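Chemist: Curious how this folds, go ahead:
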Amino acid sequence: MATIIDGKALAAKLDEATRKRVKQLAEHGIIPGLVVVLVGDDLASQIYVRNKERRAKKMGLHSIVRKLPATITEAELIQVIQEYNEDTSIHAILVQLPLPAQINEFHVTTAIDPKKDVDGFHPVNLGKLLVNKTDRTPIACTPQGIMTMFKAYHIPLDGKRVVVIGRSTIVGKPMAALLINANATVTITHSHTHHLAQLTREADILIVAVGIAHFVHATDVKPGAVVIDVGMDRDEKGKLVGDVDFTTVQDRASYITPVPKGVGPMTITTLMAQTVALAEWSGEENG
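Modeler: Numbering: from 1, shown residues only. You can find the predicted model right below:
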């Protein structure tokens with residue numbers, strides 16, 4: 001039976017440390033400012049943004065949710081981003097994805113000041129991650145949260161064979177870079193990968209981020225592997241489940257993350273901590 005990696009409990013512990021950093025900044029007259037830009041009426045996005053806003057307020061952050069209509073043009077959205085780039089009370093900018101079809105996500109991402117790019121998606125920040133020069137560099141929150149889990153549970157990465165299912169800029173690619181920087185041997189797989197199960201069964205660590213409920217089963221997993229489930233899916237009954245069939249895989253793995261209460265809480269916790277870090281770095285530059 002696998003040890004369950006309790007993301008919710010770990011997040012609560014890390015939040016306490018972040019609150020202390022917020023208080024220390026307040027002593028110097030700095031309140032970390034986070035703006036989340038929400039375009040349109042996507043229900044899942046609304047839920048994510050609401051959760052982020054609640055957590056930010058609990059942490060004592062200056063939190064703004066800027067809601068914009070789905071009909072907004074790309075130029076208008078970039079103008080909004082530019083306003084926050086120039087706003088000294090805002091240290092972190094997050095544009096909630098996905099965006100409406102008329103807006104190019106890459107153009108929007110590159111419009112954010114890299115020093116305020118709390119999601120770590122700007123090409124400058126991704127490039128620094130790739131060459132392992134990450135001092136004062138924001139990193140994609142979900143992969144960073146997963147790395148924190150590995151550290152907290154003393155899961156070694158050096159020399160381990162890791163398979164990542166999913167190649168998104170949000171999870172798969174930055175996750176692979178972080179793992180390579182930690183001396184793991186990494187294989188990224190995706191929808192065009194041949195003989196996927198053959199690869200996953202060789203993985204010491206398996207990270208799954210495909211958005212398909214119960215995509216990975218026990219027969220896909222090496223006995224004793226560490227299994228990290230990034231999925232947030234709904235089954236036929238509407239229940240929140242992950243990309244991994246938790247019930248069967250937990251008997252085969254050594255460590256496993258549940259859904260919910262696994263990777264999800266760590267993503268938001270990392271977002272809060274990174275917002276505070278951006279404020280700290282800004283204060284040091286201006287101090």
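Chemist: contacts and neighbour counts: CA atoms only from here.
Modeler: Noted.
Chemist: For Leu271, give me phi and psi.
Modeler: phi -60, psi -40 (degrees, to the nearest 10).
Chemist: Same check on Leu240?
Modeler: phi -70, psi 120.
Chemist: List the contacts of it.
Modeler: Counting by Cα atoms under 8 Å, 6 or more residues apart in numbering, Leu240 touches Met232, Asp233, Arg234, Val259, Pro260.
Chemist: who wins for neighbours among those residues?
Modeler: Within these, most neighbours by other Cα atoms under 10 Å means Val259, with 21 neighbours.
Chemist: so that residue touches Lys239, yeah?
Modeler: No: with contacts counted by Cα atoms under 8 Å, Val259 stays clear of Lys239, the gap being 10.3 Å.
Chemist: Now flag whichever of the contacts of Leu240 is closest to Ile90.
Modeler: Met232 (29.5 Å; Cα to Cα).
Chemist: what about the spatially most central residue of the chain, which SS state?
Modeler: Nearest to the geometric centre of the chain sits Thr142, at 2.0 Å (Cα atoms, centre = their mean). What DSSP: H, G, I helix; E, B strand; the rest coil gives for Thr142 is helix.
Chemist: Look up the closest residue to it, ignoring the ones flanking it.
Modeler: Nearest non-adjacent residue to Thr142, counting by Cα to Cα, 6 or more residues apart in numbering: Thr267, 4.6 Å away.
Chemist: Next one, pLDDT for that neighbour please.
Modeler: Looking at Thr267, its pLDDT reads 95.
Chemist: Then Gly287?
Modeler: pLDDT at Gly287 comes out at 54.
Chemist: can you give me the strands for the protein?
Modeler: With strands called from DSSP state E, the chain shows them at 3-4, 33-39, 62-68, 92-95, 161-165, 185-189, 205-208, 226-229, 233-234, 240-241, 255-256.
Chemist: JSON lines for those, including distance to Ala277 and mean pLDDT?
Modeler: Converted to JSON lines, the strands of the chain look like this (distance: least, Cα to Cα, whole Å; pLDDT from 0 to 100):
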{"stretch": "strand 3-4", "distance to Ala277": "29", "mean pLDDT": "98"}
{"stretch": "strand 33-39", "distance to Ala277": "11", "mean pLDDT": "97"}
{"stretch": "strand 62-68", "distance to Ala277": "14", "mean pLDDT": "96"}
{"stretch": "strand 92-95", "distance to Ala277": "9", "mean pLDDT": "98"}
{"stretch": "strand 161-165", "distance to Ala277": "28", "mean pLDDT": "98"}
{"stretch": "strand 185-189", "distance to Ala277": "28", "mean pLDDT": "98"}
{"stretch": "strand 205-208", "distance to Ala277": "26", "mean pLDDT": "98"}
{"stretch": "strand 226-229", "distance to Ala277": "26", "mean pLDDT": "98"}
{"stretch": "strand 233-234", "distance to Ala277": "31", "mean pLDDT": "90"}
{"stretch": "strand 240-241", "distance to Ala277": "32", "mean pLDDT": "94"}
{"stretch": "strand 255-256", "distance to Ala277": "29", "mean pLDDT": "98"}
